[in-house]
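1. any chance you could fold what I've pasted below:
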Amino acid sequence: MWLRNREGTEPLSARSPVRARRILSLVALVLGVVLAVIFAVLAMNTGEQVWRWEAAIAAVVAIIAAIDLLVLRHRR
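-> Residues are numbered from 1 along each chain as shown. I've put the predicted structure just below:
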């Protein structure tokens, strides 16, 4: 049985944080895309530079979340 050959100090009931990481990445991806679109529309309507930066930051968050989801899928 796998419990007999166990090494390390983790408890027997230790759980992997992969599910929570996946959920957080999904939320960040959805929010990042939605906010990037909203900020891009605001930038086009108002012409203010700050909305372009906000859209860029939200897009970067969405890209990082998508990469994290791809890494999780690859490791699975």
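2. give the other helices and strands that the helix of greatest length in the chain contacts.
-> Longest helix in the chain, counting residues (DSSP state H): helix 18-46. On a contact count with 3 or more Cβ pairs under 8 Å, 6 or more residues apart in numbering; DSSP states H and E, helix 18-46 meets helix 49-75. C-beta here means a position set from N, CA and C on the backbone, and glycine is covered the same way.
3. list the buried ones in the helix it packs on?
-> Using 16 or more other Cβ atoms under 10 Å as the burial criterion, the residues of helix 49-75 that qualify are W51, E54, A55, A58, A59, V61, A62, A65, A66, D68, L69.
4. now do the same contact list for the first one.
-> Translated: W51. Contacts of W51 were listed using Cβ atoms under 8 Å, 6 or more residues apart in numbering, and they are F39, A40, L42, A43.
5. repeat for the second one
-> For E54, the contact set (Cβ under 8 Å, 6+ apart) comprises L35, F39, L42, A43.
6. apply 7 Å and report the result again.
-> The contact partners of E54, taken as Cβ atoms under 7 Å, 6 or more residues apart in numbering, are F39.
7. same check on the fourth one?
-> For A58, the contact set (Cβ under 7 Å, 6+ apart) comprises G32, L35, A36, F39.
8. alright, calling it a day.
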